[in-house]
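Visitor: Curious how this folds, go ahead:
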Amino acid sequence: MTCQGMGVRSSRSNTTNNTNNATGDDAAGMAAMSSVWGDWMNEEMTMTSSNNNNTAAATDSNNANVKSEPAPTAPTATAAASSTEPRSYTTLPLAPSSSSSTNHPPGILLQTAYGWGRNENGQLGLGYTSGCVPVPTLLSVGDVNDDSDGSSIVSAGVGKYHTLLVTQSGTVYGSGGNKCGQLGVNNEKLDMCDKFRKCVVEYSDDDETIVHASCGENISALLSSKGNLYTAGSSEWGQLANGETGEYIISAGKLGYANCTKFLRRSVFVEADNPNNNESNKTDGNGRVKCVPLPNTNSIKLATVSCGRNHLIAIEAPSARNEVPRVFTWGCGDYGCLGHVIQADEYLPRMISSFTGPLFANNHPVECVAGSNCSVIRTKNGHVYYMGKHRSVGEATMRPTLIDALANNGHVVTCIGAGSMTVFCSTANGVTVSWGNGAHGELGYGKGENKSSSKPKFVNGLDSCMVTSLACGMGHTLFLVQDKDGDDKEAIKKIPKLDESDASDVIEQLKSKRGGGGGDQDGPPKKKAKGRPKKG
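Guide: Next up, the predicted model:
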């Protein structure tokens, strides 16, 4: 993709010390970065796959003057099937320490969790349901008398109607909708709960704990300290990664699926059974490419995983032999969001062959996020690849495609995010860009500006701000901004402040819409008075 006017623009230099630089450790410890839900998003920016090879090769030379982390030994760009020995991993997701540490990226040790927004299914875990909680409210898990470590939250996942929180001790708690078992509390009769409950995880190793959570619409994924993948929830699109949907007939015109109500390990990873790498060959009767398990599939460890609406994407942990970490996608394949060139669902984590070539030997993937119907991948040198569709017009991108408007103009991307209909990238130079559809202002362009963009466009309100992490939802975007030195403080001064009084109008609107009655409430339900009512 190309667009004009995307040259380096900021008071920050390329040598700025960026706290969220692209390393395997960063990707391993990332907290849940995307809260994705909502309507099927439609489209992607206009990018042609034909210019991918040309622009990608030129990118490395254009960024030769950009400071990046040195690589002592280049990873070996070999296909997974060429090695029969299991990989030995040097960096796995580790349990966070009890105090802040430079070994973990910003945001990995959250300590306490706050939530706000929709709560009609009790997804905020406050003990009651309500149409909306308009201000950040402290969340708590477990019983105050047990050792649940409820005050130390290290990761969080937000879905359409449910929330997962991971404590420092590795315990996972869920609240909200559970019609497909996505809370993982091992109770198929429970449709929803409004307080956080402890999730059931069937560990494959006695000494592993959960360190990361991510949620989609009706799917939940966990990553353990050993790099193992666990999933629970809906299997309709194959997002459980267990090789099947378990489809069955409930009644005439109504289908059911073999959903999973507790977290089970998923250890089968596959690649296309096609030595010529021609994805149109060797398809089954359902149009899906025939795949075979990777060698030593049970020993594959992951560094990060992210859920979209009905699909997931994950990156393998770095290996001791410096092989290129592999990228896997599975679930719903609409709009090519899985990056396998065809619109077909995948029931097992399937390797994206595009990321195993020599181009990625010194620039391997380190971070991934999934939007509703798109996937975004960031590499070690700060390049971004996109696949899928997130706008209401235009064509889908069926294979991983370089965002050359950023790479060819010297932008080293350090943070990425994808939501319902938006994509964001923040750079080491204190620049943030976005594109997509933003009817509610979620693109961040400001009042009077366009509410959509087909190409990456500067978010002027965040100019010179060093974004350390970001998250995109449906109709909103959140950022964490660095506040370390004088330049940071000057940049932050330009950002308008939001306090509780600014939400007063929203609160009144919510009350007026409900007319003061109904089941939705802004707080805990009032207790019923005991005894008979007084006579008027």
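
Visitor: helices and strands around the lengthiest strand in the chain, which ones?
Guide: Longest strand of the chain, by residue count under DSSP state E: strand 130-139. Judged by 3 or more Cβ pairs under 8 Å, 6 or more residues apart in numbering; DSSP states H and E, strand 130-139 is in contact with strand 113-119, helix 504-514. Yep, even glycine has a C-beta here, placed from its N, CA and C like the rest.

Visitor: Among the ones you listed, which comes closest to His364?
Guide: His364 sits nearest to strand 113-119 of all the helices and strands packed on strand 130-139, at 32.0 Å, using Cβ to Cβ.

Visitor: mind listing what that closest one pairs with, with the direction of each?
Guide: strand 130-139 (antiparallel) (DSSP bridges).

Visitor: just to revisit the earlier point, just the helices and strands packed on strand 130-139: most buried one?
Guide: By mean neighbour count, with neighbours taken as mean count of other Cβ atoms under 10 Å, strand 113-119 ranks first of the helices and strands packed on strand 130-139 at a mean of 18.

Visitor: on that earlier part again, just put the helices and strands packed on strand 130-139 in CSV and tack on distance to Gly430.
Guide: Formatted as CSV, the helices and strands packed on strand 130-139 follow (distance: least, Cβ to Cβ, whole Å):
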stretch, distance to Gly430
strand 113-119, 26
helix 504-514, 31
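
Visitor: between those, which gets nearest to Ser464?
Guide: Closest to Ser464 of the helices and strands packed on strand 130-139 is strand 113-119 (Cβ to Cβ; 26.8 Å).

Visitor: Now do the closest one, average pLDDT.
Guide: Averaging pLDDT along strand 113-119 yields 92.

Visitor: same thing with stretch 224-237?
Guide: Per-residue pLDDT over stretch 224-237 has a mean of 97.

Visitor: And for Val292, the neighbour number?
Guide: Around Val292 there are 12 other residues, counting by other Cβ atoms under 10 Å.

Visitor: That one: what secondary structure?
Guide: strand (DSSP: H, G, I helix; E, B strand; the rest coil).

Visitor: What residues does it make contact with?
Guide: Counting by Cβ atoms under 8 Å, 6 or more residues apart in numbering, Val292 touches Val270, Glu271, Asp273.

Visitor: Same question for Asn363.
Guide: Contacts of Asn363 were listed using Cβ under 8 Å, 6+ apart, and they are Asp60, Thr379, Lys380, Asn381, His383.

Visitor: Scan the residues you listed and report the most crowded one.
Guide: Neighbour max across the contacts of Asn363 (other Cβ under 10 Å) = His383, 26 neighbours.

Visitor: How much space separates the nearest residue to Val289 once chain neighbours are set aside from Met351?
Guide: Excluding the flanking residues, the one nearest Val289 by Cβ to Cβ, 6 or more residues apart in numbering is Ala272, at 5.1 Å. From Ala272 over to Met351 the distance is 8 Å, taken as Cβ to Cβ, to the nearest Å.

Visitor: Over to Tyr385?
Guide: 15 Å.

Visitor: ok, which stretches of the stretch 151-300 of the chain are strands?
Guide: Using DSSP state E, counting those that start in this stretch, the strands of the stretch 151-300 of the chain run over 153-158, 162-167, 172-177, 192-198, 210-215, 219-224, 229-233, 248-251, 254-256, 260-266, 270-272, 291-293.

Visitor: so which of those comes closest to Glu395?
Guide: The nearest among the strands of the stretch 151-300 of the chain, by Cβ to Cβ, is strand 270-272 at 23.2 Å.

Visitor: for the closest one, which positions count as buried?
Guide: Val270, Glu271, Ala272 (16 or more other Cβ atoms under 10 Å).

Visitor: right, and Lys489 touches Gln482 too?
Guide: No: in this structure, Lys489 is not within contact of Gln482 by Cβ atoms under 8 Å, at 10.1 Å.

Visitor: the more surrounded of the two?
Guide: Gln482 (20 against 10).

Visitor: Now that one. Nearest residue, chain neighbours left out?
Guide: Met466 (3.9 Å).

Visitor: Which pLDDT value belongs to that neighbour?
Guide: Taking Met466 on its own, its pLDDT is 96.

Visitor: How much space separates it from Lys489?
Guide: Taking Cβ to Cβ, one finds Met466 at 11 Å from Lys489.

Visitor: who touches both of these two?
Guide: Shared contacts of Met466 and Lys489, defined by Cβ under 8 Å, 6+ apart, are absent.

Visitor: residues near the nearest residue to Gln123 once chain neighbours are set aside, how many?
Guide: Of all residues not flanking Gln123 in the chain, Gly176 sits nearest, at 3.1 Å (Cβ to Cβ, 6+ apart). Here the number of neighbours of Gly176 (other Cβ under 10 Å) works out to 27.

Visitor: one step back: now, which of the buried residues of strand 270-272 sits nearest Thr261?
Guide: Among those, and counting by Cβ to Cβ, the member closest to Thr261 is Val270, at 25.2 Å.

Visitor: got a list of what the closest residue to that closest one other than its chain neighbours touches?
Guide: Computed as Cβ to Cβ, 6+ apart, the closest residue to Val270 that is not its neighbour in sequence is Cys291, at 3.9 Å. Applying Cβ under 8 Å, 6+ apart, we find Cys291 in contact with Val270, Glu271, Ala272, Asp273, Glu346, Leu348, Arg350.

Visitor: From Lys290, how far off is the fourth one?
Guide: Distance check for Asp273 against Lys290: by Cβ to Cβ, it reads 5 Å.

Visitor: Tyr385 and Met351: which has the busier surroundings?
Guide: Neighbour totals were compared for Tyr385 and Met351, and Tyr385 leads with 27 against 23 (other Cβ under 10 Å).

Visitor: Are we agreed that that one is in a strand?
Guide: Yes: Tyr385: assigned to a strand according to three-state DSSP.
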